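K.L.:
Starting from these lines, generate the structure:
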Amino acid sequence: MNKLIKRLGSVIAIGFLLGACAGGAHKQSTGDYIDDATISTKVKAALVQNPQTKAGQIEVETFKGVVQLSGFVASKAEASEAQRVAQSVAGVQRVENKLSIR
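P.N.:
This next block holds a predicted model:
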């Protein structure tokens, strides 16, 4: 009986550990966090390389593949180009363009 209780305790502990690493609707698993950080970095790099976007003024955040662009741009055309560039990055599910025009 004592061995059974120890094994049951081990199974429950493992379940808690696995549950802590799992993502949900409003939180990310460790793997999701790493994937999203990679996507954000790739989007930012693509914006820097594009001569039509002022990447220094654009913030990029990613949650479960959804990229949010925020900050300031000079024109509607620049905001549209930033969205197009972000959408072209592998792994991006959707782009929420919250850029403001100065």
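
K.L.:
mind checking the backbone torsions on E59?
P.N.:
E59 adopts backbone torsions of phi -100, psi 140, taken as degrees, to the nearest 10.

K.L.:
which residues touch it?
P.N.:
Residues in contact with E59 (CB atoms under 8 Å, 6 or more residues apart in numbering) are L69, S70, G71. For every residue, glycine as well, the C-beta is placed using N, CA and C.

K.L.:
try 6 Å this time
P.N.:
Counting by CB atoms under 6 Å, 6 or more residues apart in numbering, E59 makes contact with S70, G71.

K.L.:
Bridged to it, which residues?
P.N.:
Counting by DSSP bridges, E59 forms beta bridges with S70.

K.L.:
got any ranges where the protein has weak pLDDT?
P.N.:
Scanning the chain for pLDDT under 70 picks out the ranges 1-28.

K.L.:
Let's see that with 80 instead.
P.N.:
Within the chain, the ranges that satisfy pLDDT under 80 run 1-33, 54.

K.L.:
Identify the residue nearest the most centrally placed residue in it in space, chain neighbours excluded?
P.N.:
By CA atoms, centre = their mean, the mean C-alpha position of the chain lies nearest to T62, the distance being 2.4 Å. Nearest in space to T62, with sequence neighbours left out and distances taken as CB to CB, 6 or more residues apart in numbering, is D36 at 4.0 Å.

K.L.:
what does S100 give?
P.N.:
What sits nearest to S100 in space, not counting adjacent residues and going by CB to CB, 6+ apart, is F72, at 5.3 Å.

K.L.:
ditto for N97
P.N.:
Closest residue to N97 apart from its sequence neighbours, by CB to CB, 6+ apart: Q83 at 4.5 Å.
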